[in-house]
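A.B. asks: sequence and computational prediction follow.
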Amino acid sequence: MSKLRVAVIGAGGRIGSEAVRAVEAADDLELVAALRRGDSLETLTAAHADVAVELTHPDAVMENLRFCVANGIHGVVGTTGWTDERLALLDGWVAASPGTGVLIAPNFSIGAVLTMRFAQQAARFFESVEVVELHHRGKADAPSGTATRTAQLIAAARERAGLAPQQDPTTVGLEGARGADVDGVPVHAVRLHGLLAHQEVLFGDSGETLTIRHDSLHHRSFMPGILLAARKVTERPGVTFGLEHFLDLD
Ligand SMILES: NC(=O)C1=CN([C@@H]2O[C@H](COP(=O)(O)OP(=O)(O)OC[C@H]3O[C@@H](n4cnc5c(N)ncnc54)[C@H](OP(=O)(O)O)[C@@H]3O)[C@@H](O)[C@H]2O)C=CC1
Ligand SMILES: O=C(O)C1=N[C@H](C(=O)O)C[C@H](O)C1
């Protein structure tokens, strides 16, 4: 059987370089291109890539995806910075390229995907909830894509359960002291040398708290998710948001 032809865009980066090694090590995948900043996207078509793994920067991801989708190259996207406007744009491109699939995963690590799922399950049982994400100093953006997604999923679960919005009677003496408001869920971002990617979801109610914590200690933690997505995205036309849709979690 012929191997799936995979390219990595952002191959010189922290996660991109790990992805290059992971694709090279996979028996059923062939690394056909490894693009760094400044490399031409035409390399992807010249290399007949089936799938492009996009791991660059929020400023670069849209142009890269526009090119891939227009050329029928499936996308596996880890780059952050997703907004409703960006998703609508991508939806339009994909609609014009039938059969092409794009998976956007706020987090490729299985533990982080489970954290989001567990947080969704817990959300309706607790009066209050806050998210703390902690990352390395080189991170491009704040809050993390994972924290934003986690907060959105929690907020939706609370709303479905008919929970009242969280009240915060605190007087804020300094702007930012209570974090960012993501759909009513406070999200706090820590940037610390020595860390990689970590998240705590803190739930509280009368006389008890529940903390769900996940730690990515090495970029290897994202590789099984990336490889799985590369293998499955070719069978999933359209835009999919979240690796959980490619996993059997139930
Ligand atoms: N979904 C997930 O599970 C994960 C997502 N991420 C996300 O992935 C993205 C990258 O993270 P990280 O690896 O830490 O960042 P890095 O800065 O280490 O790597 C990004 C790389 O992309 C390169 N680059 C920038 N623009 C382009 C372009 N147009 N074409 C090709 N290469 C380009 C950069 O080049 P240069 O160095 O010259 O700027 C850099 O080498 C971030 O958005 C991050 O949040 C990270 C980890 C896990
Ligand atoms: O920049 C990172 O490092 C990470 N980015 C993603 C995010 O913003 O959620 C995933 C993971 O947290 C690592």
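C.D. replies: Received it, and whenever you're ready, just let me know what you need. Ligands and ions are numbered 1, 2, ... in the order given.
A.B. asks: grab the most central residue of the protein for me.
C.D. replies: Geometric centre of the chain, nearest residue: residue 106, 1.1 Å, by C-alpha atoms, centre = their mean.
A.B. asks: show me what contacts it?
C.D. replies: Contacts for residue 106 (C-beta atoms under 8 Å, 6 or more residues apart in numbering) come out as 80, 82, 144, 145, 146, 148, 149, 242. Just so you know, the C-beta spots here come from the backbone N, C-alpha and C atoms, and that holds for glycine as well.
A.B. asks: which helix or strand contains it?
C.D. replies: Under DSSP states H and E, no helix or strand contains residue 106.
A.B. asks: so which strand or helix has residue 6?
C.D. replies: strand 4-9.
A.B. asks: just the C-alphas of that strand, formatted as PDB.
C.D. replies: Written as PDB, here are the backbone C-alpha positions of strand 4-9 (Å, rounded to 0.1, in the frame of the first residue of the first chain):
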ATOM      1  CA  LEU A   4       0.300   8.900   2.900                       C
ATOM      2  CA  ARG A   5       2.300  11.900   1.700                       C
ATOM      3  CA  VAL A   6       2.700  14.400   4.500                       C
ATOM      4  CA  ALA A   7       4.200  17.900   4.600                       C
ATOM      5  CA  VAL A   8       5.000  19.900   7.700                       C
ATOM      6  CA  ILE A   9       4.700  23.700   7.600                       C
END
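A.B. asks: count the residues that sit near residue 115.
C.D. replies: Other residues lying near residue 115 total 21 when counted by other C-beta atoms under 10 Å.
A.B. asks: who touches it in this structure?
C.D. replies: Counting by C-beta under 8 Å, 6+ apart, residue 115 makes contact with 150, 199, 201, 212, 213, 214.
A.B. asks: want to throw those into JSON lines with secondary structure, distance to ligand 2 and neighbour count?
C.D. replies: Shown next, in JSON lines, are the contacts of residue 115 (DSSP: H, G, I helix; E, B strand; the rest coil; distance: C-beta to the nearest ligand atom, whole Å; neighbours: other C-beta atoms under 10 Å):
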{"residue": "150", "secondary structure": "helix", "distance to ligand 2": "9", "neighbour count": "31"}
{"residue": "199", "secondary structure": "strand", "distance to ligand 2": "7", "neighbour count": "26"}
{"residue": "201", "secondary structure": "strand", "distance to ligand 2": "13", "neighbour count": "26"}
{"residue": "212", "secondary structure": "strand", "distance to ligand 2": "15", "neighbour count": "19"}
{"residue": "213", "secondary structure": "strand", "distance to ligand 2": "13", "neighbour count": "13"}
{"residue": "214", "secondary structure": "strand", "distance to ligand 2": "9", "neighbour count": "24"}
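A.B. asks: among those, which pair sits farthest apart?
C.D. replies: 150 and 213 (12.0 Å; C-beta to C-beta).
A.B. asks: shared neighbours, the two?
C.D. replies: 115, 199, 201.
A.B. asks: quick one, phi psi at the spatially closest residue to the second one that is not a sequence neighbour?
C.D. replies: Computed as C-beta to C-beta, 6 or more residues apart in numbering, the closest residue to residue 199 that is not its neighbour in sequence is residue 133, at 4.8 Å. Comment: the main-chain dihedrals of residue 133 come out as phi -110, psi 140, following degrees, to the nearest 10.
A.B. asks: residue 118 now?
C.D. replies: phi -60, psi -40.
A.B. asks: once you drop chain neighbours, what's closest to the residue of the chain found nearest ligand 1?
C.D. replies: Using C-beta to the nearest ligand atom, the single residue of the chain nearest to ligand 1 is residue 13, 2.1 Å away. Nearest residue to residue 13, sequence neighbours excluded (C-beta to C-beta, 6+ apart): residue 55, at 6.0 Å.
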